[in-house]
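Fold the following for me, if possible:
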Amino acid sequence: MVLLTDKIQKRLTIQVEDIAEATTAIRSLDWERDRFDIEFGLQNGTTYNSFIIRGDKLALVDTSHEKFRQLYLKTLQGQVDLSQLDYLIISHTEPDHSGLVRDVLALAPHVTVVGSKVAIQFLENFVHQPFTKLIIKNGDVLDLGAGHEIEFVIAPNLHWPDTIFSFDRGTQILYTCDAFGMHYCSDAVFDEDLSKIEPDYRFYYECLMAPNARSVLSALKRMGELPTVGTIATGHGPLLRHNVGELVQRYQDWSQLKAKAETSVAVFYVSDYGYSDRLSQALARGIAKTGVAVEMMDLKSADPQEVQELVGRSAGIAIGMPPGQGKIAELAQAAIGTILVAAKNKQTIGLFESYGGDDEPVDPLVSKLREIGVSIAFPAIRIKETPTEAIYQQCEEAGTDLGQLLTKDKAIKQMKSLDSDLDKALGRISGGLYIITAKKGDSSSAMLASWVTQASFEPLGLTIAVSNDRAIDSLMQVGDKFVLNMLEEGNYQTLMRHFLKRFAPGADRFEGVNTQAAENGSPILQDALAYIECEVVSRLACGDHHVVYATVDTGRVAKVEGLTAVHHRRVGNHY
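Predicted structure coming up:
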């Protein structure tokens, strides 16, 4: 079944597949979606997965995105008699999975909605109509009959505060919604070809799960108490069946690496208010890029004791401003009061508005924090319009600034610890001087680079090493395009000084620089010796850097007789 939307002609299809005894997947395939949550791009579209479990009782696990309303509801009604639907299990209430809950309730008003306490609260605010509900706790079991016993695992902050996993003991299927998923659209229902999905699996983890690594480990520990999991039914992308052990172990390894960081930051936000959750995720990604652990907490449902403990063990704190009026405001402001009591003068703090239309003013809170004696990591992010890609980029860069401030002393110590002879020897590895420029949507960035080399003749390709905490790294994912600008020997000081300076989060890195747009949209520096337009093909994680391999599309030399500037370092353990 196919639908092409009228305005933008995006291909949407529905796929129905039996995945186990009396269990059916309804996969909503969004083939050409190129952005998710605005702040990061997609290369291979995405899917929204929903599931039907037929025991003596009939259950539906999650719904779909509202853009699939016509297709999904028609398909669902073709699969089941909604008058016989007993349960609607909500893995979490993010709109891409619960966007059609209101429609299902209209067609099956008798259904019992199953979810965590927080999820049920969110839904009550969302659907604005009474419904029968069943609030579950960790370890609770719902018996559907015919062997389908559903055991629930509470897994908050993956990546919403209300997330649950649902394990069907009869089929050994674990329904995990966002966790273990990926934005990858294909007709393949399962993960037969691991090599095809690996980059998207890792990218998805880094964007959505890495900022919540400690929550991932908690969920994995609870998963370990379940019987053998044969299939992981994810909310996005292919279901995992052929590589379950391998892909779960990767989550374990990646999360342990991030969670063991000595330094951590607490990010407080208000879910389901304005853009607080999205903005906080962008900020958390920026923090995580610096190797600092992140713990996120929803102010709307925060327990005072947990708030106090989290603040006490965190070196840094980031707060999304809550609404100024209403019930949510009372809960959130009480939590902020606890934060102020628990905060210490050696902590580093940053604030951002949520653009909910009624944000609590920033300045009074900044004043109270200054009285305590905390350090302010970055100027408060004041959002006066619907967040754009540039605003999400600003939040990510602010998070990186916060993380770098907290790790500065450790970084200096590591630099001094390297053997002086080895340090000097590494410094003798020379490189050219280049400026990488990239633009995607209304986000743009640039960086000075010297770790660049040609890597292949057929196709023409090159590699660039990019530090994990560079702002431009978010614009150099697989499929992204950029420009490599080569600086000229004897004529590079002005550009080098400009791009070496520290930019405030969200600042225009090209202000005062002569540029023109390349064919791929990225800025060309008009004072550069030459430029090459490139497209990222693959990325390889290398410790604190990624090596990016890109193919070359086109290029031009401005001065035929010019030579590329050469860079010699004195030391080899820092820039």
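
can you map out the strands along the stretch 51-200 of the chain?
Assigned by DSSP state E, counting those that start in this stretch, the strands in the stretch 51-200 of the chain fall at 58-61, 87-89, 112-115, 132-135, 141-143, 149-154, 164-168, 173-177.

could I get those as a markdown table with mean pLDDT and distance to E306?
Every C-beta, even on glycine, is put in place using the N, C-alpha and C of the backbone. Formatted as a markdown table, the strands of the stretch 51-200 of the chain follow (pLDDT from 0 to 100; distance: least, Cβ to Cβ, whole Å):
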| stretch | mean pLDDT | distance to E306 |
| --- | --- | --- |
| strand 58-61 | 98 | 29 |
| strand 87-89 | 98 | 26 |
| strand 112-115 | 97 | 21 |
| strand 132-135 | 97 | 19 |
| strand 141-143 | 98 | 27 |
| strand 149-154 | 97 | 14 |
| strand 164-168 | 98 | 19 |
| strand 173-177 | 97 | 23 |
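
nearest to M297, of the ones you listed?
Taking Cβ to Cβ, strand 149-154 is the member of the strands of the stretch 51-200 of the chain nearest to M297, at 15.0 Å.

Nearest residue to T515 in space, please, no chain neighbours.
P523 (4.0 Å; Cβ to Cβ, 6 or more residues apart in numbering).

Repeat that for S314.
A266 (4.1 Å).

any chance you could map the strands in the stretch 451-575 of the chain?
Applying DSSP E, counting those that start in this stretch to the stretch 451-575 of the chain gives strands spanning 452-456, 461-467, 481-486, 515-517, 523-525, 530-542, 545-557, 566-567.

Now render those strands as TSV, adding mean neighbour count.
TSV is the format used below for the strands of the stretch 451-575 of the chain (neighbours: other Cβ atoms under 10 Å):
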stretch	mean neighbour count
strand 452-456	14
strand 461-467	18
strand 481-486	25
strand 515-517	13
strand 523-525	23
strand 530-542	18
strand 545-557	17
strand 566-567	15
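
unless I'm mixing things up, R169 is touching L144, no?
No: at 10.3 Å, R169 does not count as touching L144 under the criterion of Cβ atoms under 8 Å.

who has more neighbours, the two?
Per other Cβ atoms under 10 Å, whichever of R169 and L144 has more neighbours is L144, with 20 against 15.

wait, what's in contact with that one?
By Cβ atoms under 8 Å, 6 or more residues apart in numbering, the contact list for L144 reads I53, G55, D56, K57, L58, A59, D86, Y87, I150.

so where is the stretch 401-550 of the chain shaky, pLDDT-wise?
410-419 (pLDDT under 70).

change it to 80
409-420, 423-424, 427 (pLDDT under 80).

Ok, the stretch 1-150 of the chain next?
Along the stretch 1-150 of the chain, the model assigns pLDDT under 80 to residues 1-10, 34-43.

Need the nearest residue in space to V216, chain neighbours excluded.
The shortest distance from V216 to any non-neighbouring residue, by Cβ to Cβ, 6+ apart, is to S255 (4.2 Å).
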